[in-house]
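K.L.:
sharing a model that was predicted from the sequence below.
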Amino acid sequence: MALSKTELRAVLSGISGILVTPYDDNGDVAPEKLVPVIDRALAAGVHFPVVNGNTGEFYALTTDEAITMAKSVAEMLGGRAPMLAGIGRGVRDACALAKASADAGAEALMIHQPPDPFVAPRGVVDYIKRVADASGGLPMMLYLRNDAIGTKAITELCAVEGVAGVKWATPNPMKLAEAIHACDPDIVWVGGLAETWAPAFYAVGARGFTSGLINVWPERSMAIHAALEVSDYAKARQLITEMKAFEEVRAEEMNGTNVTGVKAALKLLGDDCGPTRPPSAWPLTHAQQEKLAAFMKGNGLIA
């Protein structure tokens, strides 16, 4: 059942936990490997599991694989938490994935910003409307990775019926503040650059944040969220500083080790979800692996 806008606002203001996509030894998707990852995240209190996000290697998957992941994650959640399903690619693939995700039980959709080199803002409005129609009217969160389209275009996107939130994933908090001021006050603006940027985005009006860390250490993500919700920025910064090494590993090679770092950490935990697919880097270099292992040991995540 779709969430109402009010219900969606509440969960978006929490943590949108971006799940990895596991692979088996043949390189095929193996969603069953997510069971311990999902159970750990839900036990910690993660509000909104997300399938087919960037930490889920969305652009490395075929549309059929993305549909398989949406169906499988919905089954594994079993109603314990609402599911946000990532949607993207060409409009026909996006519509097919939106329908399949809705049929599987997704309560809302996250619309990836089209990476096509010839994107017109008004064309994106049409794209969003078609996806919404294909889903039967599920509420949507827009995933904004490029704010160069300008505040006027962002306002037009947010005015599309069914848009309830925006995942802001550009390191420009002042542009975020401008967009918040210009758009419908009912829109929820979610920090889309994970824990590291969450304090800056909270300071200008965002609520909640996305996280890949929840695959590995959801308790830390929840602690940061709790601190920000009571405006304890000092506590939030301290908690974020203590996970700096993990984020540094993920940011290397032009962010090409972003998912690699998460999957390498899962392997150290004993929850091997397979490698990443090219063009992501795999495996970590020796130095990166040593830094990650030291971080995991230093924080008591592994012996």
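P.N.:
Happy to help now that I have it.
K.L.:
could you use CA atoms for every contact and neighbour count after this?
P.N.:
Noted.
K.L.:
domain parsing for the chain?
P.N.:
Annotated domains of the chain cover 5-230, 243-303 [automatic domain parsing].
K.L.:
tell me which of those is the most buried.
P.N.:
Mean neighbour count (mean count of other Cα atoms under 10 Å) peaks for domain 5-230 among the domains of the chain, with a mean of 20.
K.L.:
can you give me the helices in the stretch 151-300 of the chain?
P.N.:
173-182, 194-203, 218-229, 233-241, 244-255, 258-269, 286-298 (DSSP state H, counting those that start in this stretch).
K.L.:
of the ones you listed, which is nearest residue 36?
P.N.:
helix 258-269 (10.4 Å; Cα to Cα).
K.L.:
how many degrees apart are that closest one and helix 286-298 in direction?
P.N.:
Put simply, helix 258-269 runs at 50 degrees to helix 286-298, going by axes from the mean of the first three to the mean of the last three Cα atoms, to 10 degrees.
K.L.:
roughly how far apart are residue 91 and residue 130?
P.N.:
Distance of residue 91 to residue 130, computed by Cα to Cα, to the nearest Å: 8 Å.
K.L.:
how about the helices of the stretch 151-300 of the chain, which one is nearest residue 81?
P.N.:
Residue 81 lies closest to helix 218-229 among the helices of the stretch 151-300 of the chain, at 14.8 Å (Cα to Cα).
K.L.:
I'd like to know which elements that closest one is packed against.
P.N.:
Under the contact criterion of 3 or more Cα pairs under 8 Å, 6 or more residues apart in numbering; DSSP states H and E, helix 218-229 touches strand 15-18, helix 35-44, helix 194-203, helix 233-241.
K.L.:
make TSV out of these and add distance to residue 9 and mean pLDDT.
P.N.:
Converted to TSV, the helices and strands packed on helix 218-229 look like this (distance: least, Cα to Cα, whole Å; pLDDT from 0 to 100):
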stretch	distance to residue 9	mean pLDDT
strand 15-18	12	98
helix 35-44	19	98
helix 194-203	15	98
helix 233-241	22	98
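K.L.:
looking at the ones you listed, which is nearest to residue 142?
P.N.:
With Cα to Cα, the closest approach to residue 142 among the helices and strands packed on helix 218-229 belongs to strand 15-18: 13.0 Å.
K.L.:
circling back: may I see the domains of the chain organised as a markdown table, with distance to residue 237 added?
P.N.:
Listed next are the domains of the chain as a markdown table, based on distance: least, Cα to Cα, whole Å:
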| stretch | distance to residue 237 |
| --- | --- |
| domain 5-230 | 8 |
| domain 243-303 | 10 |
